[in-house]
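Asks: What shape does this take:
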Amino acid sequence: MSSFFIKKKGPQKVFKKSDLPGSKRKNDGSTGNKLQKKLTSKHNEEISSDSETESPAVHRKRRANVEEEFDETPQEKKLRLAKLYLDQLRNEEEKKAEEESFESELIAGRLEEDVLEQKGKLQRMVAKDLLPPDESEIRLLRGHKLPVTCLVISPDDKNVFSAAKDCSIIKWDVESGKRLHTIAGGRKGTEDRHLGHTAHILCMSISSDGKYLATGDMNKLILIWEAATCKHLYKFTGHRGPVSGLSFRRGTHDLYSASHDRSIKVWNVDENAYVETLFGHQDVITGLDSGSRERCVTAGGRDRTVRVWKIAEESQLVFHGHDGSIDCIQLINEEHMITGSDDGSVSLWNVNKKKPLSTVKAAHGQHGDMGLEQPYWVSAVAALHNSDTVASGANGRSHNSKVQLWKCGQGFRRLEPLFSVPVNGFVNSLKFSSSGKFLVAGVGQEHRLGRWWSLKGVKNGLYIIPLKRQLSEKLDAPNAEEKTE
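Replies: Model prediction:
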């Protein structure tokens, strides 16, 4: 027992009377005093070599401690070391209990957030703090020869992937604006020997872990890429029309695809496998999105319907609200979504209600002569996930296009305009970064789905739009999320 506690004591040497020379002889007072002075002197010499600037008071205290330790009996020493050991064990247990309590609170908080997210009740209230960016801060990244049709942002916000009518895919570095990788498009008829696309790319999606990138084209093909290296992995075939929508289910590698053949297909990318096909739309599908639930939402073009597809039940809900072709759709959270139409309106929906919660007519204004005015065509929408902030982009007949930001009002029952950002060209795609620090708009001279008219002089590319916020203690706090009722 004694040796066990001495080992716990550490490197400091404790002298025993039995270790001293002549300990078996009877010591008189003078001999003991001389020996004590000798040991004390030696100990003081060792300390002074490391701490020459110690004050006399500290020096005297150290001498007293050494003398007390030397006079300690073996029983007292065992008791003292035992107390030290017990104190050490007690401190370790208390620290461990605190860490476990902290971890439990973190896990409980994360689980609560996950449940709220599934219910669509987790909401980041950021719209009220957003400020319009200075035009000098907006960057235009150019690299595509033809209009940009689609884009995605990596989950870590470091990269943007864009695709265009020139059949190419470009991976960009957000911070520097440099092109990191380009997958060139091929000519029509070279599908058998070209690894990339040989037809206009219409849609793309990236998995929530940033592992896979999926792209779909006018040639009915879906190509799967390794996002980190842009290496080609798989080719999915089966659609009978252009692939117009792609979305990875959040937290998985399940991929949903939509097509002009009016069908929805489900794929498992890990297994390189087709799963099933769902039908229901009466016209070409123009947009698709999904969240973490086993379902997706689609826009049905000129059948003027929005549909919620419950994959497991193989059922669908059909919603009506727009007067024109519904060309774009995006989930805000698991319970709410936003759509845009060529009738110029932007609508806010609850996935459980068949009619829009709010609709803004002529959301981007009108063009034409008095009496013959037509609203600008809303061609792209985006949502900052689990927040109260959305954006829309329009295709006009002039160079004066814009991206409009909106705030979802209390209970998602209204859309309130925040500010607009001028861009040049058709806004074919919009995406918020995960952090909400910037918005990316893909623009071009033509609409992504056709060539009804072209804007000469427009530069095909990506606008990187920074989203500044007012200084707010609430935004800087770790719990900047609010829960909606």
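Asks: quick one, what contacts Val174?
Replies: If a contact means Cβ atoms under 8 Å, 6 or more residues apart in numbering, then Val174 has 153, 157-160, 433, 438, 464 as its contacts. For glycine as for every other residue, the C-beta is placed from the backbone atoms N, C-alpha and C.
Asks: Quick check: pLDDT value at it.
Replies: At Val174, the pLDDT value in this model is 97.
Asks: One more: Ser18?
Replies: The score at Ser18 is 45. That number is its pLDDT.
Asks: can you offset everything so residue one is 11?
Replies: Okay, residue one is now 11; in that scheme the one you just asked about reads as Ser28.
Asks: quick one: pLDDT of Glu383?
Replies: pLDDT for Glu383: 80.
Asks: Pull the number of nearby residues for it.
Replies: Using other Cβ atoms under 10 Å, Glu383 has 11 other residues around it.
Asks: quick one: which of the contacts of Val184 sit in strands?
Replies: 163, 169-170, 448, 474 (DSSP state E).
Asks: follow-up on the earlier one: could the contacts of Val184 be laid out in JSON lines, adding pLDDT, distance to Ala322 and neighbour count?
Replies: Converted to JSON lines, the contacts of Val184 look like this (pLDDT from 0 to 100; distance: Cβ to Cβ, whole Å; neighbours: other Cβ atoms under 10 Å):
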{"residue": "Ile163", "pLDDT": "98", "distance to Ala322": "29", "neighbour count": "22"}
{"residue": "Asp167", "pLDDT": "96", "distance to Ala322": "32", "neighbour count": "16"}
{"residue": "Lys168", "pLDDT": "97", "distance to Ala322": "34", "neighbour count": "14"}
{"residue": "Asn169", "pLDDT": "98", "distance to Ala322": "33", "neighbour count": "20"}
{"residue": "Val170", "pLDDT": "98", "distance to Ala322": "33", "neighbour count": "24"}
{"residue": "Ser443", "pLDDT": "97", "distance to Ala322": "31", "neighbour count": "21"}
{"residue": "Phe448", "pLDDT": "97", "distance to Ala322": "36", "neighbour count": "22"}
{"residue": "Ile474", "pLDDT": "97", "distance to Ala322": "39", "neighbour count": "21"}
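Asks: Distance to Phe422 added to those, as CSV?
Replies: Formatted as CSV, these follow (distance: Cβ to Cβ, whole Å):
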residue, distance to Phe422
Ile163, 24
Asp167, 26
Lys168, 31
Asn169, 31
Val170, 28
Ser443, 22
Phe448, 24
Ile474, 28
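Asks: Can I take it that Glu102 is in a helix?
Replies: Yes - judged by DSSP: H, G, I helix; E, B strand; the rest coil, Glu102 forms part of a helix.
Asks: State the distance from it to Glu109.
Replies: Distance, Glu102 to Glu109, by Cβ to Cβ, to the nearest Å: 11 Å.
Asks: Let me see the residues that make contact with stretch 411-427.
Replies: Residues outside stretch 411-427 that contact it (Cβ under 8 Å, 6+ apart): 137-138, 140, 342, 346, 356, 358, 360, 367-368, 370, 373-374, 386, 398-405, 428-437, 440, 449, 451, 453, 473, 475, 494-495.
Asks: and if we set it to 6 Å?
Replies: For stretch 411-427, the surrounding residues in contact (Cβ atoms under 6 Å, 6 or more residues apart in numbering) are 137, 346, 358, 367-368, 370, 398, 400-403, 428-433, 437, 451.
Asks: So how do I select the buried members of the residues you listed in PyMOL?
Replies: Buried residues within those, by 16 or more other Cβ atoms under 10 Å, are selected in PyMOL with:
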select buried, resi 137+346+358+367+368+370+398+400+401+402+403+428+430+431+433+437+451
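Asks: Could you look up the SS state of Lys469?
Replies: Under three-state DSSP, the three-state class of Lys469 is coil.
Asks: Kindly state the pLDDT recorded for the residue nearest to it when sequence neighbours are not counted?
Replies: Excluding its sequence neighbours, the residue lying closest to Lys469 (Cβ to Cβ, 6 or more residues apart in numbering) is Arg152, at 6.0 Å. Note for Arg152: predicted pLDDT of 96.
Asks: for this structure, what spans make up the helices?
Replies: With helices called from DSSP state H, the chain shows them at 12-19, 39-60, 66-81, 84-129, 483-486.
Asks: okay, now the domains of the protein?
Replies: 12-82, 136-493 (automatic domain parsing).
Asks: In the stretch 311-460 of the chain, where is pLDDT below threshold?
Replies: 379-381, 406-410 (pLDDT under 70).
Asks: all strands of it, in order?
Replies: 315-320, 325-330, 336-341, 346-351, 356-360, 368-370, 376-377, 384-385, 387-393, 399-405, 410-418, 425-434, 436-442, 448-454 (DSSP state E, counting those that start in this stretch).
Asks: Just put these in CSV and tack on distance to Asp97.
Replies: Below are the strands of the stretch 311-460 of the chain laid out as CSV (distance: least, Cβ to Cβ, whole Å):
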stretch, distance to Asp97
strand 315-320, 60
strand 325-330, 64
strand 336-341, 56
strand 346-351, 56
strand 356-360, 59
strand 368-370, 64
strand 376-377, 79
strand 384-385, 76
strand 387-393, 56
strand 399-405, 54
strand 410-418, 56
strand 425-434, 59
strand 436-442, 54
strand 448-454, 53
